[in-house]
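> Provide a 3D model corresponding to the input given below.
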Amino acid sequence: MAAGSNTLPREEILRGKTRIEQLMSAGRWAVLPHLKYCWLCTGENGVNRILVSVPKKCFKRAVKRNLLKRRLREAYRTQKGLLAGSGVDILFVYTDREPAPFAVIRDEVAAALGGIKAKLPQE
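Okay, the predicted model is just below:
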């Protein structure tokens with residue numbers, strides 16, 4: 001894949017119980033109005049990996065949960081160039097009780113990525 005492509009290949013999706021547990025226990029947490037996110041700099045192959053979660057407690061219907069997960073993944077996919085292969089694992093958790101429009105989610109994901117980039121060790 002080209003570095004500037006707007007795709008979300010399989011290797012950019014965070015998988016594995018031990019990796020997820022490591023992210024949640026050792027990662028740094030931050031909160032935005034609709035999102036809570038956790039990130040951990042792993043430096044593995046310079047590939048950023050994401051995990052998206054929408055709690056069933058907030059949205060009982062799977063249709064709304066899936067809609068919000070799609071919006072979060074799409075917002076990340078179109079703006080992942082802000083981090084540009086830093087080797088960061090990121091967990092996005094949608095926390096609001098109402099579904100937000102895509103533009104709001106996109107802005108918050110951009111703010112989260114900008115905050116992560118500002119806190120990364122400079123190369």
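
> leaving out the residues flanking it, which one is nearest to Leu68?
Sequence neighbours aside, Val54 is the residue nearest to Leu68 in space, at 4.6 Å (criterion: C-beta to C-beta, 6 or more residues apart in numbering). Quick note: C-beta positions are derived from backbone N, CA and C, even for glycine.

> which pLDDT value belongs to the one you found?
We have a pLDDT of 97 for Val54.

> from Leu68, how far out is Pro33?
Look at Pro33 and Leu68: by C-beta to C-beta, to the nearest Å, they are 14 Å apart.

> these two: who's more crowded?
Using other C-beta atoms under 10 Å, the more surrounded residue of Pro33 and Leu68 is Leu68, with 23 against 11.

> any idea how far Thr7 is from the more buried one?
Using C-beta to C-beta, Leu68 is found at 21 Å from Thr7.

> over to Ala30?
Ala30 is 26 Å from Thr7, by C-beta to C-beta.
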